[in-house]
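>>> what would the 3D arrangement of this be:
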Amino acid sequence: LVNKDIDTGKSRIPEKYKDFERTKVSFACRKDGRKLLPVENANLYCYLPTSASWGFPFLINTDMIPKGDRDDIEREVYLKDEDETNFNIELARIAGEKFFSWIKDLVESGAYDYDSIFSLIPDFDKCIETHGDKYDDFITKFREGFESQLESNKLIPVVEDKEVVLKLVNDVIYDTTGLSCSGILKDEEILSLSDWVDWFPHPLLRDFDNCRLKPGIEAFLSRYHHEGQLYDIDILHDSVENGEFQKWLSIHANNDRFL
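Just a heads-up that it's a prediction; the model follows:
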């Protein structure tokens with residue numbers, strides 16, 4: 001499609017893109033030891049920086065076609081098929097898929113604080129609200145690319161049989177009660193007493209001092225958790241009423257700690 005478009009002689013896609021078969025996307029953020037940090041006012045690169053910003057807390061470098069003055073990216077770069085695919089927007093979708101891969105690579109490396117990694121994942125609704133007047137379609141396509149990976153690719157670190165493994169977001173429990181972050185009960189105790197299965201996020205993603213999930217993973221799970229994996233106050237109330245939980249509570253020390 002790229003070659004066909006260039007061959008018209010009227011394309012806004014440069015001649016150097018002929019025989020274009022592969023594209024590359026790079027991401028970057030700041031870091032302080034094991035902690036990854038956002039880039040304020042991060043902009044988009046097309047090898048050289050542009051002034052384009054999608055509101056993301058990291059830098060992106062892509063093969064997108066910039067405007068002639070390189071101050072922005074082209075918004076109307078169409079491939080002349082029956083659907084008139086926008087070349088730059090298609091690269092935004094690919095960038096979204098590769099962003100998932102980058103986040104997963106960071107998690108699997110074990111080199112960085114887990115929650116600081118999840119803090120890099122944008123709140124796409126907020127990005128559209130703040131930058132959507134110019135880049136709504138690009139942000140939406142990037143989001144589609146990222147979210148398309150969530151259903152079938154494992155991302156969330158958990159502890160299973162004393163090993164750190166990744167699980168699908170749909171298999172991870174989103175605890176809004178703080179019980180799993182309290183240290184009162186082990187994960188397996190909560191699950192057995194509540195007749196639940198699956199996994200809570202890795203202990204390093206929990207703030208045990210304040211009985212809550214850490215901000216990055218909490219924001220991520222609030223947006224992407226499976227509705228059947230919400231462990232909320234109603235679930236906790238039901239759990240406390242079952243016989244096994246009542247038996248656990250009948251031990252004075254447990255009852256005091258729970259209260």
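>>> how about the closest residue to residue 44 other than its chain neighbours, secondary structure?
Sequence neighbours aside, residue 52 is the residue nearest to residue 44 in space, at 4.2 Å (criterion: C-beta to C-beta, 6 or more residues apart in numbering). (Each C-beta comes from the backbone N, C-alpha and C, glycine too.) Reduced to three states with DSSP: H, G, I helix; E, B strand; the rest coil, the structure at residue 52 is coil.
>>> tell me the confidence at residue 137?
On the pLDDT scale, residue 137 is placed at 95.
>>> chain neighbours aside, what residue packs nearest to it?
Spatial nearest neighbour of residue 137, chain neighbours left out: residue 89 (5.8 Å); criterion: C-beta to C-beta, 6+ apart.
>>> thought the one you found was touching residue 142?
No: counting by C-beta atoms under 8 Å, residue 89 does not reach residue 142; the two are 9.2 Å apart.
>>> re earlier: wait, what's in contact with the residue nearest to residue 137?
137-138, 141 (C-beta atoms under 8 Å, 6 or more residues apart in numbering).
>>> re the thing from before, neighbours around the residue nearest to residue 44, how many?
By the criterion of other C-beta atoms under 10 Å, residue 52 has 21 neighbours.
>>> ditto for residue 234
Residue 234: 10 neighbours (other C-beta under 10 Å).
>>> which parts of the host helix or strand of it are buried?
Element membership of residue 234 [criterion: DSSP states H and E] is helix 233-241. Across helix 233-241, burial judged by 16 or more other C-beta atoms under 10 Å covers 235-236, 239.
>>> this completes my enquiry, with thanks.
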